[in-house]
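> Turn this into a model:
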Amino acid sequence: MSLPRAVFRTGLVIVFLLTATLFASTFVVTRFRSDIVMIDDAHHAPIAIVLGAKVKKNEEPSDILRDRLLTAVDLYQAGLVDKVLVSGDDGQPEYDEVNVMRTFMLKQGIAPEDLFLDHAGFDTYDSMYRAAHIFGITSAIVVTQEYHLPRALFLGDRFGIDVQGVAADRQTYVGIVRYQVRETLADTKAVIESLLGVSSRYGGPFIDSTGNGQVTWDEQ
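Numbering: from 1, shown residues only. As a prediction, this is how the structure comes out:
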């Protein structure tokens, strides 16, 4: 008994989408894996880009975010970056990633003038797009976990940033397998959006990332 034509076509569409997803993810991971380095092997860049992640209800960074911030502190203290840009979600009154990140970084000894905040880094695409187009960044070390770095590096490269990545994995994270699976889909989304020339959700005036980072704070 043959399959109905509609079922067959649906099956072909599903196979095509799965193949395209795997191809896009494989390309991103394979192409940019070599740009992930240990701190000791990183070369100097003007700025580190720290990608946001979940913060706790007590306004403390989650384990994943805390490790990203500590890794950026290591880069800064080693003289491998001059500035730090923390980019995250600050789009709701009751949820604010970037000011939690700011408070943490200041406690770790980052000079206020060297710390930039991007309040509209709602996802990796927006963060990397805005790093290039709003903050004028042309060279950076991107800091996030290893599973996430290839996509971030791909986007940075697409937006004209000379990127290298330093993995922030300092422990085994709860739910890491789920994050890795989701990353495969996110890779495909990033490839499609970048090919279509999608802009970030919010624009804004140019910010000189070599200047005083306090101009980006929402309270002085």
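
> Sketch out the helices for this structure, chain order is fine.
5-32, 63-77, 97-107, 124-133, 149-158, 176-196 (DSSP state H).

> got JSON lines for these, with distance to Q164 too?
To be clear about C-beta, it is placed using only N, CA and C from the backbone, and glycine gets the same treatment. Output for the helices of the chain, formatted as JSON lines (distance: least, Cβ to Cβ, whole Å):
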{"stretch": "helix 5-32", "distance to Q164": "10"}
{"stretch": "helix 63-77", "distance to Q164": "11"}
{"stretch": "helix 97-107", "distance to Q164": "20"}
{"stretch": "helix 124-133", "distance to Q164": "14"}
{"stretch": "helix 149-158", "distance to Q164": "8"}
{"stretch": "helix 176-196", "distance to Q164": "18"}
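
> Out of the ones you listed, which gets nearest to T216?
helix 97-107 (9.0 Å; Cβ to Cβ).

> between the closest one and helix 63-77, how big is the angle?
Helix 97-107 and helix 63-77 are oriented at 50 degrees to each other (axes from the mean of the first three to the mean of the last three Cα atoms, to 10 degrees).

> which strands and helices sit next to helix 97-107?
helix 63-77, strand 81-87, strand 115-118 (3 or more Cβ pairs under 8 Å, 6 or more residues apart in numbering; DSSP states H and E).

> The last one: partners in the sheet, and parallel or antiparallel?
Spelled out, it's strand 115-118. Here strand 115-118 has these sheet partners by DSSP bridges: strand 81-87 (parallel).

> and the angle from the partner strand to helix 124-133?
When the same axes, to 10 degrees is applied, the directions of strand 81-87 and helix 124-133 differ by 140 degrees.
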